[in-house]
Structures are given as C-alpha cells and as structure tokens.
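Student: sequence first, predicted model second:
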Amino acid sequence: MPTNQGSKPNPHQPVLYQEIIAYLQPCAGGLFVDGTVGAGGHAAGILDASSPDGRLLGLDLDPLALEFAHKKLEIFGERVVLKQGSYTQIKNRLNDLGWNTVQGILLDLGVSSMQLDIPERGFSFQQDAGLDMRFDPQGQISADELINGLSEYDLANLIFRFGEDRNARRIAKAIVRQRPIHSTLQLAAVIARAATGRSEIHPATRTFQALRIAVNQELQNLEEILPQAIDVLSPGGRLAIIAFHSLEDRIVKTFFRQESRDCLCPPKQPVCTCGHRAKLKEITRHPVIAAQEEIARNPRARSAKLRVAEKTA
C-alpha cells in the first residue's frame, strides 16, 4: 500500500488495552509476540510492562500499519522486531530470531480502525472506493474479483457462511444481476435494495464482513495459528485473543475448551482411547468485554471479546 495516499487514518485506539496487559502479565526479560501489531498500541504497553529488557516480535500483513508501528515503537530500540507477514508464520519468524519459546502471544483479530478509515482500502461502505479489502496489498485476490467472478451459488454460500446473513441468496442474486460492480457504494446500494427485514445495522454490513473474511482467509488462518501458538508458548505462557464477531470467537472458544480437557472421547465411552492430554488452562471461562467507559471513547470496542488461556506444564 503506497504511503502517499490522500486519506490519512485516525489514530488507532487499542481495544481492551488494560485488560491485555493484566492478563498477559508481561515481565522483565520475557519474550512476546503481537501477531497483529497494527499501529503498535498493545505492543507499546507490553514493552513498557516488560522493561527494561523484555522483547517483542510484531507481525502484520499491512505494510502501512507497520509504518505506524515503527514510529510508535522506535523508542524501544532493539527490544522490538517488526516484520511484515501473517501470524501463521510465527514458528519460522521465531526460529529466525533464535527464540525457542515465548511468554505471551496476542492476536487482535479482524480489520483495524486505520484500515476502515482509509476509503481506498475498500473495507467500508461509508465512502466510495474500489472493492479491495486486502490486509496485504500484494494479496492474491480482492473483493472485486470475488464479487464479479463467483457464481451466484458460491457467492450466496460465502455471504451466508462468513456473514451469517439470512438474505444471502437474495443478495447474491441481486449482485449477479447488477454485475459488473466495482465500487463500495455501488455494492452497498445493491445489497440495501435486496435485503429484507429490519436491522439495527446497515444491510451491507454482513456482506462486507463476509467478503473481507474470504479475501484474507481469516478463519482459516485463525485455525492454523492456534496449535502453533501452543507449541511456541513456554509453560505458564499465555495466549490472548480479541475477536470481533461470533465466527472468530466460536473458533477460539472451541479450541480453548478442547485443549483444556484431558479426554476427548464420547461421554458414554467407558475407557479413554484418545490419549489426549490438556495443554491449556482457560484463564477466562467467559469472554472479557469492554467497559462502558471504553465503549464511549471508542465505539468499535463494543463488539470486542477477549479470551485468554495459559499453557500447562
């Protein structure tokens, strides 16, 4: 993403900042990973709390976000390493640094305020722009290609699966009828005309979410990182994940519950044959949500859900 864009993002406000620091428990000499470093808000807090010699690896697919993170975190010098790439590459990145295990990992999932506030990125239908939606501008496929290339059947499945929209078939049919569609406002208008029923959110919200998830393979990447995170955490190390919609949160919840049990055999089976042993302890049995004071300052915190687990010995 070129940095000389006409639109500049608003300053990013890290969600559940105090809660992240409290649950990750950064300490001096510790090694930490922020797999979605963004503008560096959470990372700065982790580095502050792990002074004077805690270190952090920050990863992000978005090169523009990394520019903001570099500026914010440069005061920490060699204590921070920033790399462009997916958190699914965590093992290779840690091997490159010679870090065998880490004491904490943070994943702040989904689209960031910065990305939403730049119309050219195509994440929002508040202003007109091309249908991009790639976290990594060099990614293989854009939302435009999905909208104009998928069959009506596949498009409906995408919107229903990743957007959980009961109007998925009607929306897909309307999109195919109006193709080609190349702008955010054009797409939002087509969806608004096709959608039925009343809702507190804009009719296009779920379709835009579905497209973004599909473009960036968000759920697939989340499922891929979870077992890797266990492998690279040291005993007592913690994994903190902030999700912003039910699909993400459900994956995290299911994984944490499964890996905190010793046996996964059916309940009525008299003898365990799976051999599974718990690798995690759930620190937050229920998701942590933002306080009303934070929501008043940052409305995007309203849908944030934080879950934390600790690796067992």
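Tutor: Nice, I can see it.
Student: distance check, Ile118 against Ser112.
Tutor: 10 Å (CB to CB, to the nearest Å). Where C-beta positions appear, they are placed from N, C-alpha and C, glycine not excepted.
Student: center of the chain, which residue is that?
Tutor: In the chain, the C-alpha nearest the mean C-alpha coordinate belongs to Leu109, at 1.5 Å (CA atoms, centre = their mean).
Student: buried sites along stretch 162-172?
Tutor: Phe162, Gly163, Asp165, Asn167, Ala168, Arg169, Arg170, Ile171, Ala172 (16 or more other CB atoms under 10 Å).
Student: am I right that the first one is in a helix?
Tutor: Yes: note on Phe162: a helix contains this position according to DSSP: H, G, I helix; E, B strand; the rest coil.
Student: what does the model give it for pLDDT?
Tutor: Per-residue pLDDT puts Phe162 at 97.
Student: same question, the third one
Tutor: In this prediction, Asp165 carries a pLDDT score of 95.
Student: ok, the buried residues of stretch 162-172 vs Leu187, which is closest?
Tutor: Ile171 (9.8 Å; CB to CB).
Student: for the closest one, what are its contacts?
Tutor: Applying CB atoms under 8 Å, 6 or more residues apart in numbering to Ile171 gives the contacts Ala156, Ile159, Asp165, Val190, Ile191, Ala194, Ala195, Thr207.
Student: look up phi and psi at it.
Tutor: Dihedral angles of Ile171 (phi, psi; degrees, to the nearest 10) stand at phi -70, psi -50.
Student: any idea how far Ile201 is from it?
Tutor: Using CB to CB, Ile171 is found at 14 Å from Ile201.
Student: then Leu31?
Tutor: 40 Å.
Student: and the two? Which one has more around it.
Tutor: Set side by side, Leu31 and Ile201 show more neighbours around Leu31, with 20 against 8, by other CB atoms under 10 Å.
Student: and the helix or strand hosting Gln186, what does it pack against?
Tutor: Per DSSP states H and E: Gln186 is located in helix 184-194. For helix 184-194, the packing partners by 3 or more CB pairs under 8 Å, 6 or more residues apart in numbering; DSSP states H and E come out as helix 168-178, helix 205-216.
Student: tell me which of those helices lies nearest to Ile75.
Tutor: Closest to Ile75 of these, according to CB to CB: helix 205-216, at 30.5 Å.
Student: returning to that earlier point: just the contacts of Ile171 now: which is nearest His245?
Tutor: Closest approach to His245 among the contacts of Ile171 (CB to CB): Asp165, at 12.1 Å.
Student: surely that closest one meets Ala156?
Tutor: No: look at Asp165 against Ala156 with CB atoms under 8 Å: they stay out of range, at 9.5 Å.
Student: which residue packs closest to Leu247, ignoring adjacent ones?
Tutor: Nearest non-adjacent residue to Leu247, counting by CB to CB, 6 or more residues apart in numbering: Leu219, 6.1 Å away.
Student: and the gap between the one you found and Glu248?
Tutor: 7 Å.
Student: of these two, who's got more company?
Tutor: Glu248 (21 against 17).
Student: you'd agree that one is up against Gln220?
Tutor: No: Glu248 lies out of contact with Gln220 (CB under 8 Å); the separation is 11.7 Å.
Student: work out for me the element Ile21 sits within.
Tutor: Per DSSP H and E: helix 17-24 holds Ile21.
Student: now find how far off-centre the following helix or strand past that helix is within its chain.
Tutor: Sequence-wise, the next helix or strand downstream of helix 17-24 (DSSP H and E) is strand 31-34. How far strand 31-34 lies from its chain's middle: 16 Å, per CA atoms, centre = their mean, to the nearest Å.
Student: just stretch 44-60 next, same as before
Tutor: Centroid separation for stretch 44-60 versus its chain: 20 Å, with CA atoms, centre = their mean.
Student: then stretch 245-258?
Tutor: 13 Å.
Student: in this protein, where's the longest strand?
Tutor: With secondary structure taken from DSSP state E, the chain has its longest strand at strand 233-243.
Student: got the buried residues for whichever helix or strand comes after that strand?
Tutor: As assigned by DSSP H and E, the chain's next helix or strand after strand 233-243 is helix 246-259. Across helix 246-259, burial judged by 16+ other CB under 10 Å covers Leu247, Glu248, Asp249, Ile251, Val252, Lys253, Phe255, Phe256, Glu259.
Student: quick check: domain ranges of this structure?
Tutor: Following automatic domain parsing, one finds the domains of the chain at 17-114+218-311, 121-216.
Student: can I get the lowest-mean-pLDDT helix or strand in the chain in PDB? Just the C-alpha atoms.
Tutor: Least confident helix or strand of the chain, by mean pLDDT, DSSP states H and E, is helix 113-116 with a mean of 79. C-alpha atoms of helix 113-116 as PDB (Å, rounded to 0.1, in the frame of the first residue of the first chain):
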ATOM      1  CA  SER A 113      -9.600   1.400  12.700                       C
ATOM      2  CA  MET A 114      -6.800   2.500  10.400                       C
ATOM      3  CA  GLN A 115      -7.900   0.300   7.600                       C
ATOM      4  CA  LEU A 116     -11.600   1.200   8.000                       C
END
